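Undergrad: task: produce atomic coordinates for the following.
(4 chains)
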There are 2 protein chains.
Amino acid sequence: MSNLEKTADRLNALGNPTRLQIYRLLVRAGAEGMSVGRIQEVVSIPGSTLSHHMKLLETVDLVAKEKQGTTLICRARYDVMDAVIGYLADECCADSSDGRSDRGVQWRRVAANT
Amino acid sequence: MSNLEKTADRLNALGNPTRLQIYRLLVRAGAEGMSVGRIQEVVSIPGSTLSHHMKLLETVDLVAKEKQGTTLICRARYDVMDAVIGYLADECCADSSDGRSDRGVQWRRVAANT
DNA sequence: TCATTATTTCGATAATACTAGAAATACGGT
DNA sequence: ACCGTATTTCTAGTATTATCGAAATAATGA
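TA: Residues are numbered from 1 along each chain as shown, chains lettered A, B, ... in the order given. Okay, the predicted model is just below:
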């Protein structure tokens, strides 16, 4: 699967309001993550529908699941989002080789303030 | 329309291999842009299909069209991509207020090397 | 083992998206 | 006015996606 296809799949996964909301929750939850049940409380949709969305997010690797007893902890995979934005910024929005770049802004990955 | 919905629509527009390819072409074409016909030569799809994709990209403001005589010049709207990545980086991936951020990387908009 | 809670899978329906041929429109040149 | 080129709109078939109730599975504790 090409880089373009993989990126398109991931963008598509985020290209749904419900899933983007879920992903946003998970990113904000940080390393602690969030259980499927807790997510369901927030987004207020039937479990079966939620499960379907979670599966898609997991399929494209944007979300990882870890079973803890009977509950499932979900976490955003920052490295994968990193790859997505990296594609947009580098592969896609990189300066073209003929130096036609005149956008004024660019996206760059920077180290977190640690 | 909320910021989340708008962003989801834009991600959805890019979440299709053909459209992502088109968008990539346009970004690389820079300020000069690219005509619909030229895009069609590259991506090799029927005009009606291409027109449909271009319309969607325009609807979400990722692409602007400018009529020059009988041909249509299309250009990527970097400011809008900027807003999309900005949402992901700030709204979505921003450090949560409780300081749980521990990702190691972050995306930041930086000035282009002018 | 039984009940309970958490989550998924199944199955079905409705909605949306993708694709593309054919006809229509818009423009510039003759 | 007519022709050719560029692009869109119309129309429709097919495919994919979203939704959700009900049944199934998994894990824990009594």
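Undergrad: and the strands in chain A?
TA: A:34-35, A:63-68, A:71-76, A:105-111 (DSSP state E).
Undergrad: which positions in the third one come out as buried?
TA: To tie it back to what came earlier, the one meant is strand A:71-76. Using 16 or more other CB atoms under 10 Å in any protein chain shown as the test for burial, strand A:71-76 gives A:Leu72, A:Ile73, A:Cys74, A:Arg75, A:Ala76. C-beta: built from backbone N, CA, C; applies to glycine.
Undergrad: how close does A:Ile85 get to A:Arg28?
TA: 17 Å (CB to CB, to the nearest Å).
Undergrad: settle it for me: which of the two has more neighbours?
TA: A:Ile85 (22 against 19; other CB atoms under 10 Å in any protein chain shown).
Undergrad: so the more buried one sits against B:Gly86, correct?
TA: No. Counting by CB atoms under 8 Å, A:Ile85 stays clear of B:Gly86, with 10.7 Å between them.
Undergrad: which bits of chain A sit near DNA strand C?
TA: A:35-38, A:40, A:47-48, A:50-52, A:54-55, A:65, A:70-72 (CB under 7 Å from any atom of the strand).
Undergrad: what is the neighbour count of the residue in chain A that DNA strand D sits nearest to?
TA: In chain A, no residue comes nearer to DNA strand D than A:Ser48, which is 3.0 Å away by CB to the nearest atom of the strand. Burial of A:Ser48 is recorded as 7 neighbouring residues (other CB under 10 Å).
Undergrad: nearest to A:Arg10 among the buried residues of strand A:71-76?
TA: A:Ala76 (12.1 Å; CB to CB).
Undergrad: need the contact list for that closest one.
TA: Shown in contact with A:Ala76 (CB atoms under 8 Å, 6 or more residues apart in numbering or on different chains): A:Tyr23, A:Leu26, A:Val27, A:Ala29, A:Leu62, A:Val63.
Undergrad: if we can go back for a sec, flag the least confident of the residues of chain A next to DNA strand C.
TA: Lowest pLDDT of those: A:Thr70, 92.
Undergrad: any chance you could read off phi and psi for it?
TA: phi -90, psi -10 (degrees, to the nearest 10).
Undergrad: same check on A:Arg77?
TA: According to degrees, to the nearest 10, A:Arg77 has phi -100, psi 100.
Undergrad: from A:Val27, how far off is it?
TA: Distance from A:Arg77 to A:Val27, by CB to CB: 10 Å.
Undergrad: got the contact list for the spatially most central residue of chain A?
TA: With distances taken as CA atoms, centre = their mean, the residue of chain A nearest its centroid is A:Leu62 (4.2 Å). Residues near A:Leu62 by CB under 8 Å, 6+ apart: A:Arg10, A:Ala13, A:Leu14, A:Tyr23, A:Ala76, A:Arg77, A:Val80, A:Met81, A:Val84.
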